[in-house]
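Participant: What follows is a predicted protein model with its sequence.
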Amino acid sequence: MDPATRHLVRDARPEETAAVAALLAEAYEAFRPRFPDYAWQAYVGEIADVQSRLADSQLLVAECAGRVAGTVALYPEATRSSLEHWPPGWASIRALAVRAEARGSGVGSALGAECVRRARELGATAIGLHTASFMTAATRIYLRLGFERRPADDIEAGEMFTGTALPAEFSWQAQAYWLDLTKE
Ligand SMILES: CC(C)(COP(=O)(O)OP(=O)(O)OC[C@H]1O[C@@H](n2cnc3c(N)ncnc32)[C@H](O)[C@@H]1OP(=O)(O)O)[C@@H](O)C(=O)NCCC(=O)NCCS
């Protein structure tokens, strides 16, 4: 338990999967204007599809006052993360979110830090992730954890989530970041 913010980061329990999916859909709702309708459904549907990631990733939650306040998925082997293209031996982070009323207390940072700790412990050589320039809170967390930009692995958002680039007026890059775990 983090004494400053009183939250506990732990593995999600099977019965929490539906609550995590709902939390993700709600937290990502702010990004709806970034997509035409057809692509929004594909995007939010994939983000909230917690079940599809369970076999290949660790589903983490942050619990505050007995309630799930945040979540993230850690792929110990990033090649299992189907929408991305990371080298073997890397881990990857996906679908980070914190309930709106719990934001600004370090919950997101704690979830990110736990992913880094676990990836190191599992012997991953690096961690990859994708975010976006307008996901400013998340980007601050990743930079503070030591992640660096890796533009060669950027993926156009429509390509990533629908297989076809978004119309020009919507188009944005899923920006790649990585953390080298071979350095101290
Ligand atoms: C990104 C997110 C998980 C951060 O969660 P959080 O618990 O607020 O994170 P932290 O408390 O560790 O704060 C991280 C940053 O959030 C921002 N922040 C702080 N207070 C905030 C508040 N009340 N509301 C929103 N953002 C806030 C700050 O930029 C902060 O960085 P700083 O400490 O360097 O100033 C959360 O904003 C979220 O769910 N966003 C929507 C989904 C999303 O963007 N996911 C990431 C996709 S890559």
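Facilitator: Sure thing, it's come through. This is a predicted model, so every value here is computed, not measured. Numbers count the residues shown, from 1 in each chain.

Participant: Where does the prediction get shaky in this structure?
Facilitator: Scanning the chain for pLDDT under 70 picks out 1-5.

Participant: ranges for the strands of the chain?
Facilitator: Secondary structure of the chain (DSSP state E): strands at 7-11, 58-64, 67-75, 90-98, 126-131, 148-149, 155-156, 173-180.

Participant: how about the fifth one, does it reach the ligand?
Facilitator: In this case it means strand 126-131. Yes - Strand 126-131 lies within reach of the ligand by CB under 6 Å from any ligand atom, at T131. In short, each C-beta sits where N, CA and C put it, glycine included.

Participant: Mind exporting the C-alpha coordinates of that strand to CSV?
Facilitator: Below are the C-alpha coordinates for strand 126-131, written out as CSV (Å, rounded to 0.1, in the frame of the first residue of the first chain):
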residue,chain,number,x,y,z
ALA,A,126,13.4,-3.4,-22.8
ILE,A,127,9.8,-2.2,-22.6
GLY,A,128,7.9,-0.8,-25.5
LEU,A,129,4.7,1.1,-25.6
HIS,A,130,2.5,3.4,-27.8
THR,A,131,0.8,6.6,-26.7
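
Participant: who touches it?
Facilitator: Around strand 126-131, the neighbours that count as contacts under CB atoms under 8 Å, 6 or more residues apart in numbering are 78, 84, 86-87, 89-94, 115-116, 119, 138-139, 142, 147, 150, 153-155, 160, 174-182.

Participant: For I155, list the residues it contacts.
Facilitator: L83, E84, H85, H130, Q173, A174, A176.

Participant: export those to TSV and tack on distance to W40 and neighbour count?
Facilitator: What follows is the contacts of I155, written out as TSV (distance: CB to CB, whole Å; neighbours: other CB atoms under 10 Å):
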residue	distance to W40	neighbour count
L83	16	13
E84	20	20
H85	24	12
H130	17	23
Q173	17	16
A174	15	20
A176	22	21
